[in-house]
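Undergrad: When you get a sec, could you give me coordinates for this:
(2 chains)
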2 protein chains.
Amino acid sequence: MLEAVADALIARVDDLWVVAERETALGEVRLRGEIARSAGQFRLFAQVIRDGGHVGAIIDHADPSLTPPRPDVRRMKRPLPGVVAVFAASNFPFAFSVAGGDTASALAAGCSVVVKAHPGHPQTSELVAEVVRSALPSPDLLGLVHGMQAGVELVRHPAVVAVGFTGSVAGGKAIQALIDGRETPIPFFGELGSVNPVVVLPSARAEEVAGGFAGSLTLGVGQFCTNPGLLFVPEDAGLLERLAAAVRETTGGPMLAERIRDGYLGGLERLSELRVLAEGKAGDGAWGVTPTVFVTDIGEFADKLPRVAEECFGPASIVVTYREVAELLAVLEQLEGSLTATVHGTVPEEAAPVAEVLGRKAGRLIWNGWPTGVAVCWAMHHGGPWPASTSAAHTSVGATAIDRWLAPTAYQDWPAELLPPELQDGNPLGVPQRVDGRFRT
Amino acid sequence: MLEAVADALIARVDDLWVVAERETALGEVRLRGEIARSAGQFRLFAQVIRDGGHVGAIIDHADPSLTPPRPDVRRMKRPLPGVVAVFAASNFPFAFSVAGGDTASALAAGCSVVVKAHPGHPQTSELVAEVVRSALPSPDLLGLVHGMQAGVELVRHPAVVAVGFTGSVAGGKAIQALIDGRETPIPFFGELGSVNPVVVLPSARAEEVAGGFAGSLTLGVGQFCTNPGLLFVPEDAGLLERLAAAVRETTGGPMLAERIRDGYLGGLERLSELRVLAEGKAGDGAWGVTPTVFVTDIGEFADKLPRVAEECFGPASIVVTYREVAELLAVLEQLEGSLTATVHGTVPEEAAPVAEVLGRKAGRLIWNGWPTGVAVCWAMHHGGPWPASTSAAHTSVGATAIDRWLAPTAYQDWPAELLPPELQDGNPLGVPQRVDGRFRT
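TA: Below you'll find the predicted structure:
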């Protein structure tokens, strides 16, 4: 089923990107790539459930020699019994929307899904839902609703067993408040705000930093949750000049929607107490914006925390100069949680204390790279401490994203005829099992 | 360290049970057994962290042939960065208190712990803390506070990263409200109320049911979260008479505290709209109570839902007679979540539809047994849908209880020198790793 969905998305790529382009202005290359990514997510989850490791099968045979005697106990994770509500994001009309990772992982878990469409791409949402449904054994496995009131009713609905969300901190808090008002609480997996600090160590190859930074900052008009919003660099006039030059080479573009453009302009206003290091060229289109990079030193930055470290969604960033790694550590310690944190350097030992702090602040640590671009693979973790995520233990990208929609059941002295195949002694599905304390694959 | 704690508890068992007996009246046999259980939990978690499977190590090597090229990504779970707050339960002064499973699993995860002592056994709590600390490399790894205000401050404290709790639904809601008021939300793992339905199918060996039920109901004066509060039986005058006779043979005992005794008497009052099937003999001691079993038919029971299906903590239960399995299914469907659900029968196919419903209502399914007694093993799941637990995906007993205090970090293109050993290619600790999509152990 999941592979049929992937095939259906790819078969309709020529229609899909055109509709999405009209609603998002993200461009053909990006949109085609994103459809391929969405299809790839469905294929990954097909692999995941064929493998079967996601159920965490554990078998402890009875041991009458113990005091007290131990019964036969077997445990595996099963789908949450109901409907997963998914709130689509604005910035990925495919990969974090109707056919996004939340939907793919929830269907893979064995749940049905109702998506609250993002108002930024309603027609794309309808077309994607139609394409996905055409590949499902029952169209009832995927519902689609539009509008804020429908979203409210969805979260309140007694059949809904969990909520996935990608969006703002304010949006996430609003959904949490709705969940708090439910008679039966349900888990909430929200991916909210993230500033994604990047630390350039004194040992870094400075000549590689400026171009990479400017590219990551302005990719997709900066509309990524992994956009590098803070760049900590050694005090070095040459490096600042290189960064400024690279930013001046960039060009902005149209943002996804008027509201998002207004949010970006508001963010620039908020940051205007800092000095502008450089701007890129203005973007055209209805909601065009200009990449803007501010600069400050670490003392001023620390004085203006936390407000200067709030996410400004779009192609804006702050370059923060530091003199000593020690003063840097104290400031990093004050940052809120992020999806990512990046270190540039050539001497791992120099990075160790920085990595220790950043490891408590972000869900993904990157070495000599850039945070934009989230590989869809087994090991990806796209989450982090609040406010990056409402649940630091979970990811919304990668194979383990399926874990959000599962909960375990233990079977005690249960008849073999009624045991799920994953827990049978013969292991007919060949899933990874831990048997009497030892892994068998 | 964990094994040293286990040894220290066993070495002091003669002192520990005496202090606990003074505060709980649970008796020498039970208390010695419970200390052994607590020590066993520390030993199990020592095995768990030696094994290393709990970190869920995943390695995806770089793949430049993909579009876009995939970086090297590695992921493992690490301890939540801070202090775990543990609220001790009244009914297990060792196994769910200062040296209980929450403390053992949190220390095993790598967190420090502050326990809010239960007011029912403050001296036991102090002595246990002293014994545990004597085996820890630093006494600061385990804190102990007393009193409701200290508990409130604990939940609000910024260094606290998660809360474990075993207690009432009201207590759990109060803690959740405190967490909702925090600036940074944290996960809450509460084990709250549970009625633990038991279904006796027409094919069950009726002669084995009555004695087992009466024993499970009155074990520990019914003060177990897994106490069988509902028994569904086929309409059969003979079986009812056998149940009544078995209950009449039981003897109550002193409950743990005046407040708990008063709660039990309030529960009996609430259930007094039902007919009493049988009572046991009155228990002596300061807060002695009488085992009491009510009886009703499934129609009356359904009419009086949900109030008759609320947990009554203590040796009380309701026997519900049914005529057809079909009418039983409709009523089971209306029950709230429980820690356990039990089926008695001899024909697995007869049990299948009942098991399907109960599998959505409880965290542990038991065949031809009784819910009291929770084996400490790899496969145990002691949790369930709300209100049995605040997080149906997690357990408070068994090896996977450690998962509550962990969150993943992904390392992208990270230098080998800075990678945790669990994620190194050489796998120096020999932990189970998933490498490029395949499990290796």
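
Undergrad: where do the strands sit along the stretch 51-200 of chain A?
TA: Along the stretch 51-200 of chain A, the segments classed as strands by DSSP state E, counting those that start in this stretch run A:57-60, A:73-79, A:83-87, A:112-116, A:142-145, A:160-166, A:188-191, A:197-200.

Undergrad: Likewise for the stretch 251-400 of chain A?
TA: A:275-279, A:292-297, A:316-322, A:338-344, A:362-367.

Undergrad: List the pairing partners of the second one within its sheet, with orientation.
TA: Meaning strand A:292-297. Counting by DSSP bridges, the strands paired with strand A:292-297 are strand A:275-279 (antiparallel), strand A:316-322 (parallel).

Undergrad: and these as a markdown table, adding mean neighbour count and mean pLDDT?
TA: Quick note: C-beta positions are derived from backbone N, CA and C, even for glycine. A markdown table is the format used below for those (neighbours: other C-beta atoms under 10 Å in any protein chain shown; pLDDT from 0 to 100):
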| stretch | mean neighbour count | mean pLDDT |
| --- | --- | --- |
| strand A:275-279 | 17 | 98 |
| strand A:316-322 | 24 | 98 |
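
Undergrad: which one of those lies closest to residue A:141?
TA: Judged by C-beta to C-beta, the one of these that comes nearest to residue A:141 is strand A:316-322, at 40.3 Å.

Undergrad: what comes into contact with the closest one?
TA: By C-beta atoms under 8 Å, 6 or more residues apart in numbering or on different chains, the surrounding residues in contact with strand A:316-322 are A:213, A:217, A:222, A:227-236, A:240, A:243, A:264, A:267-268, A:271, A:274, A:277, A:291-298, A:301, A:308, A:328, A:331.

Undergrad: Run through the residues of the stretch 51-200 of chain A sitting next to chain B.
TA: Remark: the part of the stretch 51-200 of chain A in contact with chain B comprises A:51, A:53, A:56, A:58-60, A:67-68, A:70-71, A:73-75, A:77-78, A:80-81, A:176, A:180, A:184-185, A:187, using C-beta under 8 Å from any C-beta of the partner chain.

Undergrad: Which of those residues are buried, as a ChimeraX select command?
TA: To isolate the buried ones among these in ChimeraX, judged by 16 or more other C-beta atoms under 10 Å in any protein chain shown, type:
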select /A:51,53,56,58,59,60,70,71,73,74,75,77,78,80,81,176,185,187
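
Undergrad: which one of the strands of the stretch 251-400 of chain A lies closest to residue A:139?
TA: strand A:338-344 (33.9 Å).

Undergrad: who does that closest one pair up with?
TA: Looking at strand A:338-344 with DSSP bridges, its partner strands are strand A:197-200 (parallel), strand A:362-367 (parallel).

Undergrad: which residues does the closest residue to residue A:295 other than its chain neighbours contact?
TA: With C-beta to C-beta, 6 or more residues apart in numbering or on different chains as the measure, residue A:277 is the residue that lies nearest to residue A:295, at 3.8 Å, once sequence neighbours are left out. Counting by C-beta under 8 Å, 6+ apart, residue A:277 makes contact with A:240, A:243, A:244, A:247, A:293, A:294, A:295, A:319.

Undergrad: hang on, isn't the fifth one packed against residue A:275?
TA: No - because the distance of 10.2 Å does not satisfy C-beta atoms under 8 Å, residue A:293 is recorded as not touching residue A:275.

Undergrad: Can you tell me what sits against the helix of greatest length in chain A?
TA: For chain A, the helix that runs over the most residues, judged by DSSP state H, is helix A:28-51. Defining contact as C-beta under 8 Å, 6+ apart, one finds that helix A:28-51 is touched by A:2-3, A:5-7, A:9-10, A:13, A:16-17, A:20-21, A:24, A:26, A:54, A:92-95, A:99-101, A:104-105, A:107-108, A:220, A:376-377, A:398-399, A:402, A:431-432, B:67-68, B:437.

Undergrad: For residue A:396, list the residues it contacts.
TA: Contacts were defined as C-beta under 8 Å, 6+ apart; by that measure residue A:396 touches A:96, A:101, A:102, A:164, A:166, A:189, A:191, A:382, A:383, A:389, A:404.
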